[in-house]
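Novice: predicted model and sequence follow; I will ask about them next.
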Amino acid sequence: YVMLSCTFRYGRDDMDVMGMAFRRDIFLCTRQVYPPLQDKERSIHTKVQEKILRKLGDNAYPFFFE
């Protein structure tokens, strides 16, 4: 399983020490990535995903946000 978290940060980093967090979690998701739920050969990938998969090899698994 993998947990994806997208965080929007605003303001300066040194302001976080004052007790106020200048960030907002905008997306949080947990998904099963191994073992794959679908056949890798039948998946449809974007051109960017295909390039990254070729570069990273057989141990790379593409993902997307729903």
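Specialist: Nice, thanks for sending it over.
Novice: tell me which element A21 falls in.
Specialist: Using DSSP states H and E, A21 maps to neither a helix nor a strand.
Novice: and it, how far from E50?
Specialist: 38 Å (C-beta to C-beta, to the nearest Å). C-beta here means a position set from N, CA and C on the backbone, and glycine is covered the same way.
Novice: burial count for P62?
Specialist: When neighbours are counted by other C-beta atoms under 10 Å, P62 registers 16.
Novice: so what's the residue count around the closest residue to it other than its chain neighbours?
Specialist: Of all residues not flanking P62 in the chain, Q49 sits nearest, at 4.4 Å (C-beta to C-beta, 6 or more residues apart in numbering). Counted by other C-beta under 10 Å, the residues lying close to Q49 total 15.
Novice: same check, this time on V33
Specialist: Neighbours of V33 under the rule other C-beta under 10 Å: 12.
Novice: so what's it up against?
Specialist: 1-2, 61, 63 (C-beta atoms under 8 Å, 6 or more residues apart in numbering).
Novice: 6 Å instead?
Specialist: 2, 61 (C-beta atoms under 6 Å, 6 or more residues apart in numbering).
Novice: need the helix or strand of this structure with the lowest average pLDDT.
Specialist: strand 23-31 (a mean of 77; mean pLDDT, DSSP states H and E).
Novice: wait, a strand at the residue nearest to P62?
Specialist: No. Under DSSP: H, G, I helix; E, B strand; the rest coil, Q49 falls outside any strand and is assigned helix.
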